[in-house]
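[1] requesting a structural model of the entry that follows:
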Amino acid sequence: MTEYSVIHKDGSETHYVYCQKRRQMVAKSMIPQTAVIYTNGSQECERAAALLKSLGGEYLEYRLNQHFTQRAFEQEFGSEAEYPQIALGAQHVGHLKELLQYGKEHDLF
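    Next comes the predicted model:
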């Protein structure tokens, strides 16, 4: 990942990240700064973490039976919720497919 900064005439600074897939610069402010992933260690969870990492964002990983119980997970997200569950900042996005949809809608890919 390549990061760039532009200092404007007014002294403000904008950070950019080069997005390989789009082959263009993306304002880093468009990329979620902190994401939270609730994981059970599955392959889907690893994919979600890799995706967020490739976009240049930071993420916190909460693991089943280490940071929370299955019961707490179901109380928070419902008994039908899939792993991983992802929140971007204060916004709950959902599982991996919903994260991909969010990225597409917000032109992150």
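
[2] when you work out contacts or count neighbours from here on, use the C-alpha atoms and nothing else.
    OK.

[3] doesn't residue 44 belong to a helix?
    Yes: Residue 44: assigned to a helix according to DSSP: H, G, I helix; E, B strand; the rest coil.

[4] how much space separates it from residue 11?
    Separation of residue 44 from residue 11 (C-alpha to C-alpha, to the nearest Å): 42 Å.

[5] ditto for residue 68
    Distance, residue 68 to residue 11, using C-alpha to C-alpha: 44 Å.

[6] tell me how far residue 77 lies from residue 71.
    10 Å.

[7] who's more crowded, these two?
    Counted by other C-alpha atoms under 10 Å, residue 77 and residue 71 do not tie: residue 77 has more neighbours, with 13 against 10.

[8] what comes up buried for stretch 84-95?
    84, 85, 86, 87, 88, 93, 94, 95 (16 or more other C-alpha atoms under 10 Å).

[9] circling back to that earlier point, more crowded one of residue 44 and residue 11?
    Neighbour totals were compared for residue 44 and residue 11, and residue 44 leads with 17 against 8 (other C-alpha under 10 Å).

[10] pretty sure the more buried one contacts residue 86?
    No: when contacts are counted by C-alpha atoms under 8 Å, residue 44 is not listed as touching residue 86 (11.5 Å).

[11] overlap in contacts, those two.
    Common contacts of residue 44 and residue 86 (C-alpha atoms under 8 Å, 6 or more residues apart in numbering): residue 96.

[12] the protein: strands as residue ranges?
    3-7, 13-19, 24-27, 34-39, 58-63, 85-88, 91-94 (DSSP state E).

[13] pick out the shakiest of those, pLDDT-wise.
    Mean pLDDT is lowest for strand 24-27 out of these, coming in at a mean of 54.

[14] and the residue nearest the centre of this structure?
    Centrality entry for the chain: nearest residue to the mean C-alpha point is residue 52, 4.2 Å, by C-alpha atoms, centre = their mean.

[15] contact partners for it?
    Residue 52 sits next to 35, 58, 59 when contact means C-alpha under 8 Å, 6+ apart.

[16] wait, which of the residues you listed is closest to residue 106?
    residue 35 (15.4 Å; C-alpha to C-alpha).
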